[in-house]
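Asks: Using only what follows, build the 3D model:
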Amino acid sequence: MKKKKIVVSVTTDLVTDQRIHKVCTSLHEAGYDVLVVGREMKSSLPLASRAYATKRFKLWFEKGMLFYATYNVRLFFFLLFVKTDILLANDLDTLLPNYLVSKLRGIPLAYDNHEYFTGTPELLQRPIVYKVWKTIERAIFPKLKYIYTDNDAKQKLFEDEYHVPVKVVKNVPMYYPVIATQDITIQFPKDKKILVYQGTGINIHRGTEELTEAMEYLDDSYILYFIGSGDVIDVLKEKVQELQLQHKVIFTGKVPFQELQQYTRHAHLGFTLDKPISDNYIYSLPNKLFDYVHAGVPVIAARLQEVERMITKYNIGAFVPSHDPRDIAKTIKEAFETPGRIEEWKLNLPIAAQEVNWQNEEKVLVGIYSDINAFLDSKR
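Replies: Alright, predicted model coming up:
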């Protein structure tokens with residue numbers, strides 16, 4: 001029997017998007033012919049060969065409404081003519097062209113809505129742009145049949161708002177024992193307490209400015225690494241210069257996701273400090289939390305609903321009482337100075353990793369596409 005083809009649309013950089021890689025790999029291994037369409041930016045790293053097909057658009061604009069407009073127009077015409085059996089839109093910024101082509105060509109559409117796009121602080125601060133995206137969401141979301149998101153809180157949020165069923169596929173890493181390798185370009189000092197904040201979206205209101213300032217209140221035995229990229233990196237670098245923290249705060253830049261765990265595993269503590277200033281953050285379950293867990297790194301976090309549930313359930317970290325840099329520094333020091341605390345967390349991390357992993361979540365994912373497959377077969 002001929003393989004069903006799925007065309008996957010994203011606006012992200014495929015080199016660093018491990019979520020998309022997991023999804024596409026699982027679908028490929030389940031017997032689908034997968035093509036993922038993303039974008040190539042000026043700062044993009046080379047894209048290694050993968051088991052599934054990839055295509056990256058080069059666009060004149062890399063951010064803002066001009067980027068979204070040009071990407072969506074180009075994606076629409078690409079999808080209009082590409083051979084495929086199933087369309088998969090990732091987040092609201094790819095939904096409109098996918099929906100239009102789905103209707104024009106009679107092709108089933110799946111929607112991976114892992115981000116509460118209209119609840120992001122970047123949109124909430126721009127009422128006109130917010131209205132455009134919210135109008136698109138309200139017009140299309142209730143008409144979709146195959147929808148999934150990445151945690152229970154968002155599932156309830158979407159179901160309450162649009163009264164359609166939404167499934168949950170958590171964005172968690174593959175489980176495998178952490179094995180040390182020497183194949184990394186950064187040499188982490190062995191005589192320091194290593195702190196790590198990682199991600200491809202190091203953006204506004206994620207607590208990174210306060211985390212940087214907290215380094216003022218820690219002695220020189222602590223060193224903080226920002227691994228990844230985002231809108232506030234330049235702001236953080238200016239703050240480091242201003243506070244003369246160059247010897248205590250290091251920026252690695254982008255790291256391919258295949259190598260990320262080998263960097264993360266050198267840390268003593270990892271951080272996720274999103275502020276509860278928008279629904280997207282309040283109901284989020286950040287990828288970095290699970291990356292820390294699977295790398296065997298305890299977590300210092302802000303108290304957000306889903307994050308608190310995960311950390312408390314497995315006892316794998318602590319919470320900052322506020323985003324005051326002094327409170328963050330105090331929480332860090334208490335973790336190191338309380339006898340046995342970090343060791344206890346580290347004992348619990350493998351338990352969490354064995355229970356919350358992609359091997360379990362991909363069963364739900366493949367089940368969704370099996371339903372679509374059955375629908376297609378019934379039309380024959």
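
Asks: which residues of the stretch 51-200 of the chain fall in strands?
Replies: For the stretch 51-200 of the chain, the strands defined by DSSP state E, counting those that start in this stretch cover 53-57, 86-90, 109-112, 146-149, 167-168, 193-199.

Asks: nope, the stretch 251-380 of the chain is what I was after
Replies: 269-272, 299-301, 317-319.

Asks: Single out the most deeply packed of these.
Replies: Most buried of the strands of the stretch 251-380 of the chain, by mean neighbour count (mean count of other Cβ atoms under 10 Å): strand 269-272, with a mean of 26. In short, each C-beta sits where N, CA and C put it, glycine included.

Asks: Sheet-wise, list the partners of it with their directions.
Replies: Strand 269-272 has its sheet partners listed here by DSSP bridges as strand 193-199 (parallel), strand 299-301 (parallel).

Asks: next one: it to chain centre, how far?
Replies: When C-alpha coordinates are averaged (Cα atoms, centre = their mean, to the nearest Å), strand 269-272 and its chain have centres 15 Å apart.

Asks: and this structure, what are its domains?
Replies: 5-172+357-378, 193-355 (automatic domain parsing).

Asks: can you tell me which of those domains the model trusts least?
Replies: Note on those: lowest mean pLDDT is at domain 5-172+357-378, with a mean of 90.

Asks: And that one, end to end?
Replies: 17 Å (Cα to Cα, to the nearest Å).

Asks: Is it possible to get CSV of the strands paired with strand 269-272 that adds distance to residue 264?
Replies: Converted to CSV, those look like this (distance: least, Cβ to Cβ, whole Å):
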stretch, distance to residue 264
strand 193-199, 6
strand 299-301, 11
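
Asks: Select, out of those, the one closest to residue 256.
Replies: strand 193-199 (12.6 Å; Cβ to Cβ).

Asks: any chance of the domains of the chain in TSV, with distance to residue 187 too?
Replies: Formatted as TSV, those follow (distance: least, Cβ to Cβ, whole Å):
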stretch	distance to residue 187
domain 5-172+357-378	21
domain 193-355	9
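
Asks: wait, residue 250 sits on residue 226?
Replies: Yes: if you go by Cβ atoms under 8 Å, residue 250 and residue 226 touch, sitting 7.2 Å apart.

Asks: Neighbour count for these two, which is higher?
Replies: Remark: of residue 250 and residue 226, residue 226 carries more neighbours, 26 against 17, as counted by other Cβ atoms under 10 Å.

Asks: if I pick the more buried one, what's in contact with it?
Replies: 197-198, 202, 208, 233, 236, 249-252 (Cβ atoms under 8 Å, 6 or more residues apart in numbering).

Asks: tell me which element it is part of?
Replies: Per DSSP states H and E, residue 226 falls inside strand 222-228.

Asks: Just the CA coordinates for that strand, please, in CSV.
Replies: Coordinates of the C-alpha atoms in strand 222-228 are reproduced here as CSV (Å, rounded to 0.1, in the frame of the first residue of the first chain):
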residue,chain,number,x,y,z
TYR,A,222,28.7,30.6,40.3
ILE,A,223,28.6,30.9,36.5
LEU,A,224,25.5,31.3,34.3
TYR,A,225,25.2,30.1,30.7
PHE,A,226,22.5,31.2,28.3
ILE,A,227,22.2,28.5,25.7
GLY,A,228,20.1,29.5,22.7
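
Asks: and the helix or strand just after it, what does it pack onto?
Replies: Once strand 222-228 ends, the next helix or strand along the chain (criterion: DSSP H and E) is helix 233-243. If contacts are counted by 3 or more Cβ pairs under 8 Å, 6 or more residues apart in numbering; DSSP states H and E, helix 233-243 sits against helix 208-214, strand 249-253.

Asks: Quickly compare these and say which is most buried.
Replies: Of those, helix 208-214 is the most buried (mean count of other Cβ under 10 Å), at a mean of 22.

Asks: mind checking how far the nearest residue to residue 72 once chain neighbours are set aside is from residue 337?
Replies: Excluding the flanking residues, the one nearest residue 72 by Cβ to Cβ, 6 or more residues apart in numbering is residue 97, at 5.1 Å. The gap separating residue 97 from residue 337 is 54 Å, by Cβ to Cβ, to the nearest Å.
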